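Undergrad: Provided below are the primary sequence and the corresponding predicted coordinates.
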Amino acid sequence: MSDEQPTPDLEQAPGWQVLDPDGNVVDSGPIVQLEAVADTGEEQEQ
Amino acid sequence: MAAIDNTMISNILNATTPTGAAGIPGTFTALGGTAMKVRLNSGTSTASAAGTELTGTGYVAGGTAVPAASAASSAGSAVTLPATSALSWTNGSGGAWSIQSMDLTSSAGTRAWWGNFTGAPIAVANGNTFQVAVAGISISLT
């Protein structure tokens, strides 16, 4: 008997934003995740 | 995709393996200097080189120093930055900025980490501000 709790989505917090002069958000993106994993040689599409 | 500079990879490997005289650990070359910097690039960064750096009024060559110390890694946890306040750059160049990637460097410009922004290239119109939020960059070894 457990109520399902929504899993917090930490990715919802923007990592970067572009603001207009009035402080309105005009664009945003996720947190930049830098991980020192091995490079497989497969390039991600930009 | 790897996000650590090739020179730093070798630095870490050599300092934690028996690459020194008679099999002792090699020497780690510390970055030193003052506060580390976040550098923005209009070009793509790779493990071997930073992308072409952003230019124009509102951006100082070499990047912007982080405002404070990040919480240290513990038990393998990630380190996030910036720690206490966002990093901001207001475009006064007269034209649009196109931001592709970033690098985390020493104050002297020695590169440690790099990454391309998800959603890049990011267009920042003249007069607008590009901001990296508190903990907007997360760095880990796993």
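TA: That came through fine.
Undergrad: just the strands in chain B please.
TA: Assigned by DSSP state E, chain B shows strands spanning B:37-41, B:64-65, B:79-81, B:87-90, B:97-99, B:101-105, B:111-116, B:122-124, B:129-132, B:137-140.
Undergrad: Can you pull out the residues in contact with the first one?
TA: This means strand B:37-41. Residues from elsewhere that reach strand B:37-41, judged by Cβ atoms under 8 Å, 6 or more residues apart in numbering or on different chains: B:50-54, B:59, B:62-66, B:81-82, B:87, B:89, B:99-107, B:109, B:130, B:132, B:137. Heads up, the C-betas are built off the backbone N, CA and C, glycines and all.
Undergrad: Only the buried subset of those residues, as a ChimeraX command please.
TA: This is the ChimeraX syntax for the buried subset of the contacts of strand B:37-41, where burial follows 16 or more other Cβ atoms under 10 Å in any protein chain shown:
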select /B:50,51,53,54,59,63,64,66,81,82,87,89,99,100,101,102,103,104,105,106,130,132,137
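Undergrad: Flag every buried residue along stretch B:5-19.
TA: So, applying 16+ other Cβ under 10 Å, buried residues of stretch B:5-19: B:D5, B:M8, B:N11, B:I12, B:N14.
Undergrad: Pipe those residues into TSV and attach pLDDT and distance to chain A per row.
TA: Compiled in TSV, these are given as follows (pLDDT from 0 to 100; distance: Cβ to the nearest Cβ, whole Å):
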residue	pLDDT	distance to chain A
B:D5	95	10
B:M8	94	9
B:N11	95	12
B:I12	94	8
B:N14	96	15
